[in-house]
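>>> Sequence and predicted structure are below.
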Amino acid sequence: MAERQLEATKAAAQFQKRWFAELRRRVFDERAPYALQADVPFELFDLLDVPAVSNQWWAALVAAKRQAPAFLDAMAADGLHAGLCRYCSLGYASTRYRDIEAPWGGLPPPRLLCARLTCDCIHRVFSLWAEEFGAELVEIDHPGASVLPPRWWELGRYRWRELVEPHRLAFVVAALEALVERLEAVSGRRLDRGALRQRLERVNAQEEIFDEVRRLIATAPEAPVRMTEQISNVMAAQWVRGTEWALAHARAFRDEVDSRVAAGIAAYPGERGRLMWVGAGLWHDTDFYTAFEASHGAVFVWSMYLAFGPDGLDDPVAALASRTASFNEYLHNPPWAGEWIVAQAREHRIDAALVLRPRSMKPSGTGRLFIERALEEAGIPVLPIEADVVDARAWDPQAARAAVRSFLDDRGIR
């Protein structure tokens, strides 16, 4: 495993240990009323003091404990695995098959399940999960966009009312207000709208700082910080975004990266090629992202995790709704994601892109293929990487590294 080069990365790891311990104490030891959720604004849960366990976070924990294979095999034997994304369904499997050991003794029954319907299988997974627990399910639908302005990402930052059509915004605002009512019923508290505004003001300040870091990395002669440390620092803060700790940590991270750029310190001195990673993190093999430094001087510079931006706050709930309404388009949907990723690649002087193709992606489906085409049409070489982010059995580290080395050789990155 590559050494941690930043003090901020060590501080982020220490904070996450404390945060995980507190979540475990409240949910697993004290059996406090909590929510299981997927892609729903954490700010609402925090302000109403309802602990929230993220489906993706729990799946990553199951995978990190090397317990995913047993659950995935049980699903396949039960006829439930076909068509269900492993990342989305692993948490449910850890509940369904109670004879298999799960982290921390398994999830206790939640008071509420809440999911934004971002992919085909989320409704199915959360419906089964709610049935398994006998718990209430709140779903937030995902209204599709019908308008795509040029350079839409510039509107998404500060002029989101021009980007998100009024009917979409109103639809999601109503859904979030209904969620607030259910959370208020669980917690016995009322949402403090002033506190929500203050929280989102800190979120925006935090994201502005992260954008400063992104620009430092994009413009530095050599990348000052590895992609893995970018992700560690950003995600530690994003799980608790808008808190005083998150804002202070973003500043400390920015200041440390800034000082490295000023001093000419590179993550890998002698960088000869800049790579971008498109897709979710390869959590079971993060060493992959430093594997080509010594052999080719190839440094992973960009991932999606540092590129999220702030919003205006004339209406805090509407600002949250604008993020919720458009998040999928930003990161995944054609042609939105392709155009944005190409712009990011150009700004970061990317020499080649590695694009994750999830193992469950149908060969005839669009999946990440439109992103690959957009990058290639922009003159950026692409290597598709087939992998599953939680099932390490579907990953051959040696073969994957050999494929990347051959790809870099062919592109003249040596």
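On my side now, so go ahead.
>>> State the mean pLDDT of stretch 375-390.
The average pLDDT for stretch 375-390 rounds to 92.
>>> for the chain, what spans make up the strands?
35-38, 52-54, 112-116, 136-140, 273-278, 298-302, 352-358, 382-387 (DSSP state E).
>>> what would these look like in a markdown table with mean neighbour count and distance to Glu256?
(C-beta placed from N, C-alpha, C; glycine too.) Listed next are these as a markdown table, based on neighbours: other C-beta atoms under 10 Å; distance: least, C-beta to C-beta, whole Å:
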| stretch | mean neighbour count | distance to Glu256 |
| --- | --- | --- |
| strand 35-38 | 26 | 32 |
| strand 52-54 | 20 | 27 |
| strand 112-116 | 23 | 34 |
| strand 136-140 | 19 | 37 |
| strand 273-278 | 23 | 21 |
| strand 298-302 | 26 | 17 |
| strand 352-358 | 20 | 27 |
| strand 382-387 | 19 | 30 |
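>>> Save those strands as CSV, and put in distance to Glu201 too.
CSV is the format used below for the strands of the chain (distance: least, C-beta to C-beta, whole Å):
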stretch, distance to Glu201
strand 35-38, 23
strand 52-54, 21
strand 112-116, 23
strand 136-140, 24
strand 273-278, 31
strand 298-302, 28
strand 352-358, 34
strand 382-387, 38
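>>> of all these, which lies closest to Arg18?
For Arg18, the closest of the strands of the chain is strand 52-54, at 16.6 Å, according to C-beta to C-beta.
>>> Any stretches of this protein with poor pLDDT?
1, 81-83, 308-314, 359-368 (pLDDT under 70).
>>> Tell me where the longest helix sits in it.
Scanning the chain for the longest helix, with DSSP state H as the assignment, gives helix 193-219.
>>> Could you check that one and say which residues are buried?
196, 199-200, 202-207, 209-214, 216-218 (16 or more other C-beta atoms under 10 Å).
>>> Stretch 48-63 too?
Per 16+ other C-beta under 10 Å, stretch 48-63 contains these buried residues: 48, 50-63.
>>> again, but for stretch 279-294
279-282, 284-286, 288-293.
>>> Serialize those residues to TSV and add fields for distance to Leu44.
Listed next are the buried residues of stretch 279-294 as TSV, based on distance: C-beta to C-beta, whole Å:
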residue	distance to Leu44
Gly279	28
Ala280	24
Gly281	25
Leu282	31
His284	31
Asp285	34
Thr286	31
Phe288	35
Tyr289	33
Thr290	37
Ala291	40
Phe292	41
Glu293	41
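>>> Of all pairs in the residues you listed, which one spans the longest distance?
Ala280 and Glu293, at 22.1 Å, using C-beta to C-beta across the buried residues of stretch 279-294.
>>> Glu200 is in contact with Leu247, isn't it?
Not Glu; residue 200 is Leu. No: applying C-beta atoms under 8 Å, one finds Leu200 not in contact with Leu247, separated by 11.9 Å.
>>> ok, now which ones touch Arg124?
By C-beta atoms under 8 Å, 6 or more residues apart in numbering, the residues touching Arg124 are Leu84.
>>> and it, how far is that from Glu376?
Going from Arg124 to Glu376 by C-beta to C-beta, to the nearest Å gives 34 Å.
>>> picking up where we left off before, which one of the buried residues of stretch 279-294 is nearest Ala13?
Closest to Ala13, out of all of the buried residues of stretch 279-294 and judged by C-beta to C-beta, is Thr286, at 13.0 Å.
>>> these two touch, right, Ile341 and Phe370?
No: using C-beta under 8 Å, Ile341 is not in contact with Phe370; the gap is 10.2 Å.
>>> between the two, who's got more neighbours?
Ile341 (27 against 16; other C-beta atoms under 10 Å).
>>> State the distance from the more buried one to Glu181.
Taken as C-beta to C-beta, the span from Ile341 to Glu181 is 37 Å.
>>> repeat for Met276
42 Å.
>>> do Leu137 as well
From Leu137 to Glu181 the distance is 15 Å (C-beta to C-beta).
>>> Are there helices or strands packed against the longest helix of the chain, and which ones?
helix 42-47, helix 227-238, helix 244-263, strand 298-302, helix 316-331 (3 or more C-beta pairs under 8 Å, 6 or more residues apart in numbering; DSSP states H and E).
>>> how about those, which one is nearest Asp120?
Among the helices and strands packed on helix 193-219, helix 316-331 sits nearest to Asp120 (C-beta to C-beta), with 12.0 Å.
>>> follow-up on the earlier one: of the buried residues of stretch 279-294, which belong to helices?
Those of those lying in helices (DSSP H): Glu293.
>>> for the buried residues of stretch 279-294, which one is nearest Pro381?
Phe292 (14.0 Å).
>>> Name all residues that make contact with the closest one.
275, 298, 401, 404-405, 408.
>>> Of all the helices and strands packed on helix 193-219, which one comes closest to Gln16?
Of all those, helix 227-238 comes closest under C-beta to C-beta, at 5.3 Å.
>>> Check the offset of the closest one from the chain's centre.
How far helix 227-238 lies from its chain's middle: 10 Å, per C-alpha atoms, centre = their mean, to the nearest Å.
>>> Which elements pack onto it?
Counting by 3+ C-beta pairs under 8 Å, 6+ apart, helix 227-238 packs on helix 7-24, helix 193-219, helix 244-263, strand 298-302.
>>> Where do the helices of the stretch 51-200 of the chain begin and end?
For the stretch 51-200 of the chain, helices defined by DSSP state H, counting those that start in this stretch occupy the ranges 55-64, 68-77, 86-96, 122-133, 152-158, 160-163, 166-187, 193-219.
>>> Using a markdown table, lay out the ones you listed together with distance to Ala21.
Compiled in a markdown table, these are given as follows (distance: least, C-beta to C-beta, whole Å):
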| stretch | distance to Ala21 |
| --- | --- |
| helix 55-64 | 13 |
| helix 68-77 | 23 |
| helix 86-96 | 20 |
| helix 122-133 | 24 |
| helix 152-158 | 35 |
| helix 160-163 | 36 |
| helix 166-187 | 22 |
| helix 193-219 | 23 |
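>>> Which residues outside stretch 370-377 are in contact with it?
With C-beta under 8 Å, 6+ apart, stretch 370-377 has contacts from 278, 334-335, 337-339, 341-342, 345, 353, 355, 382, 384.
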